[in-house]
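K.L.:
pasted the sequence and its predicted model underneath.
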Amino acid sequence: MNYILFDDQNIRPALLPLTFTRPVCEIRIGIQTISEKWNDCLKTAVSFQTQDYLQKKYPMNLSEDNIFINGAICPNPELVEVIENLPINCILTQGMEVIAYRNQQYNPPVDVFEKIVAYEGKLLILKQLTDIFTHNGAEIKADFERITKDRTSQPITDKFTAFYNESQIFIEEGADIKAVVLDANNGCIYIGKNVRIQPGTMIQGPFAICEHSVVNMGGKMRPNTTIGPFCKVGGEISNSVLFGNANKGHEGFMGNAVIGEWCNWGADTNNSNLKNDYSKVDLWSYVTNRFENTGIQFAGLIMGDHSKCGINTMFNTGTIVGVNCNIFGADFQPRHIPSFSWSSGGEEFKTYHLRKANQVAKAVMERRSKVFDEVEEGILKAVFELTR
């Protein structure tokens, strides 16, 4: 069977700015991205239906018989079984949500479907940005159970490392752990391949760190946190998700945050995640172009890909930073910073010109042995035009 994860156009705008540069299913929640979860569960590689300007990087592979799956939905065993056995020309729904359908073409006319099946089981579907960190702890646990099933962890051999509830700690090959505290009493801890955790680090589960990432000396990794691949982190991080290839290497607090790829936090940058009056947090909405109440008390920072901030940057509770922003200045930053914004030391933001932004993106990616090619350049150009 050929599986394709599609962007639900009723959901994708609510997940901007993160979905400016990726399909919905490339959002990381738990240990893996949503697409990686489906790859594992279906035992085959999925392809993507997304925005035209993203399609070259994330191609769609059509066949004579396809099952299209809503890319905002995280798999679970019951749901996977139902989808694998979905009859041809059948659509699977829950309430008003389209979960999946089986057909030769994407988005066919409604009268093509011969049967509508209502799914009554458990369903996790990302509908707003805060869902990513709100459900991250539960997804770490679900991914941990699936990824580590019938496998044996690498042993903890360092005599100066303290660990609690060892059965809920899994360490992949090549990980280097020295003089660390691993507390899995309240949730699992997953340490990916070739991860390096430096002395003095304290980790509380649920927690996941993916391949080739580093926690600097004395890091404080609090529960419900995911560090994606090829990241370097330090200081204090709580209930946050870093997608990958991002740096927060110094002291400072990050809480209830979601950070895209190729981002960098300067030393002693902090974000607030709780208002002084303890009221519910408002976040900027790309759907309504205004601040909307999230209904939750803890919400920190959402930062799009390629954005960076200087030392001692202060982000207020409920801040949205777009794609490719360069932020600095001593005062609290605005709670909505549009894509391609250049800080001017407390004055009004200026446009971060595309040519300069591309030069920086190229230099940053080359440091990780990645190529900033015409595909990547085309995506940033499209986002620049969409948001200017």
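P.N.:
Thanks, I have it. Numbers count the residues shown, from 1 in each chain.
K.L.:
which SS state does residue 230 fall under?
P.N.:
The three-state label given to residue 230 by DSSP: H, G, I helix; E, B strand; the rest coil is coil.
K.L.:
again, but for residue 159
P.N.:
Recorded secondary structure, residue 159: coil (three-state DSSP).
K.L.:
distance of it relative to residue 217?
P.N.:
Using CB to CB, to the nearest Å, residue 159 is found at 18 Å from residue 217. Glycine gets a C-beta too; all of them are placed from N, C-alpha and C.
K.L.:
how about residue 349?
P.N.:
As judged by CB to CB, residue 349 and residue 217 stand 35 Å apart.
K.L.:
out of those two, which sits in the busier spot?
P.N.:
residue 349 (18 against 12; other CB atoms under 10 Å).
K.L.:
would you map the helices across this structure?
P.N.:
Using DSSP state H, the helices of the chain run over residues 34-42, 77-84, 130-134, 136-148, 354-367, 374-387.
K.L.:
C-alpha coordinates for the shortest one, CSV please?
P.N.:
Listed in CSV are the C-alpha atoms of helix 130-134, where the atom choice follows Å, rounded to 0.1, in the frame of the first residue of the first chain:
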residue,chain,number,x,y,z
THR,A,130,0.4,24.8,22.1
ASP,A,131,-0.6,21.2,21.5
ILE,A,132,3.0,20.4,20.6
PHE,A,133,4.3,21.0,24.1
THR,A,134,1.1,20.2,25.9
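K.L.:
pairing partners for residue 254 in the sheet, please.
P.N.:
residue 237 (DSSP bridges).
K.L.:
what of residue 321?
P.N.:
Going by DSSP bridges, residue 321 forms beta bridges with residue 303, residue 337.
K.L.:
before we move on, what about residue 285?
P.N.:
Under the criterion used (DSSP bridges), residue 285 bridges to residue 290.
K.L.:
for the stretch 251-388 of the chain, give me the ranges with low pLDDT.
P.N.:
Low-confidence segments of the stretch 251-388 of the chain (pLDDT under 70): 344-347.
K.L.:
repeat that for 90
P.N.:
Counting by pLDDT under 90, the stretch 251-388 of the chain contains low-confidence residues at 329-331, 343-349, 388.
K.L.:
also the stretch 1-150 of the chain?
P.N.:
Confidence mapping of the stretch 1-150 of the chain against pLDDT under 90 gives the ranges 107, 109-111.
K.L.:
related to what we said a few turns ago, reformat the helices of the chain as TSV; add mean neighbour count.
P.N.:
What follows is the helices of the chain, written out as TSV (neighbours: other CB atoms under 10 Å):
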stretch	mean neighbour count
helix 34-42	21
helix 77-84	16
helix 130-134	22
helix 136-148	20
helix 354-367	15
helix 374-387	16
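K.L.:
CA atoms only: put stretch 159-176 into CSV for me.
P.N.:
What follows is stretch 159-176 as a C-alpha-only set of coordinates in CSV (Å, rounded to 0.1, in the frame of the first residue of the first chain):
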residue,chain,number,x,y,z
LYS,A,159,30.5,5.1,38.1
PHE,A,160,29.7,8.8,38.8
THR,A,161,26.4,8.7,37.0
ALA,A,162,23.3,8.3,39.2
PHE,A,163,20.2,6.8,37.8
TYR,A,164,16.7,6.0,39.1
ASN,A,165,14.1,3.6,37.6
GLU,A,166,16.6,2.1,35.2
SER,A,167,14.0,0.1,33.3
GLN,A,168,12.6,3.5,32.0
ILE,A,169,16.0,4.7,30.7
PHE,A,170,17.1,3.7,27.2
ILE,A,171,20.5,4.6,25.8
GLU,A,172,21.4,4.0,22.1
GLU,A,173,24.8,3.1,20.8
GLY,A,174,27.6,5.7,20.9
ALA,A,175,26.1,7.8,23.7
ASP,A,176,28.7,9.4,26.0
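K.L.:
now it: buried residues?
P.N.:
161, 163, 168, 169, 170, 171, 172, 175 (16 or more other CB atoms under 10 Å).
K.L.:
do the same with stretch 299-318
P.N.:
Under the neighbour-count criterion of 16+ other CB under 10 Å, stretch 299-318 has 299-310, 313-318 buried.
K.L.:
and for stretch 185-200?
P.N.:
Applying 16+ other CB under 10 Å to stretch 185-200 flags 187, 188, 189, 190, 191, 192, 194, 195, 196, 197, 198 as buried.
K.L.:
now stretch 155-168: average pLDDT?
P.N.:
The pLDDT scores in stretch 155-168 average 97.
K.L.:
that older thread, tell me which of the buried residues of stretch 159-176 is nearest to residue 248?
P.N.:
Closest approach to residue 248 among these (CB to CB): residue 175, at 20.0 Å.
K.L.:
surely that closest one touches residue 156?
P.N.:
No. With contact defined as CB atoms under 8 Å, residue 175 does not count as touching residue 156 (9.6 Å).
K.L.:
figure out how far stretch 276-287 is from the centre of its chain.
P.N.:
With CA atoms, centre = their mean, to the nearest Å as the basis, stretch 276-287 stands 20 Å off its chain's centre.
K.L.:
likewise for stretch 234-246?
P.N.:
Using CA atoms, centre = their mean, the offset of stretch 234-246 from its chain centre is 10 Å.
K.L.:
using PDB, write out every CA atom in that stretch.
P.N.:
Presented in PDB, the C-alpha positions along stretch 234-246 are these (Å, rounded to 0.1, in the frame of the first residue of the first chain):
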ATOM      1  CA  GLY A 234      22.500  24.100  28.100                       C
ATOM      2  CA  GLY A 235      21.000  26.000  31.000                       C
ATOM      3  CA  GLU A 236      17.400  25.200  32.000                       C
ATOM      4  CA  ILE A 237      14.800  23.700  29.600                       C
ATOM      5  CA  SER A 238      11.300  22.700  30.600                       C
ATOM      6  CA  ASN A 239       8.400  21.200  28.700                       C
ATOM      7  CA  SER A 240       9.900  22.300  25.300                       C
ATOM      8  CA  VAL A 241      10.600  20.900  21.900                       C
ATOM      9  CA  LEU A 242      13.600  21.700  19.700                       C
ATOM     10  CA  PHE A 243      13.000  20.300  16.300                       C
ATOM     11  CA  GLY A 244      16.700  19.800  15.400                       C
ATOM     12  CA  ASN A 245      19.900  21.600  14.300                       C
ATOM     13  CA  ALA A 246      19.300  24.300  16.900                       C
END
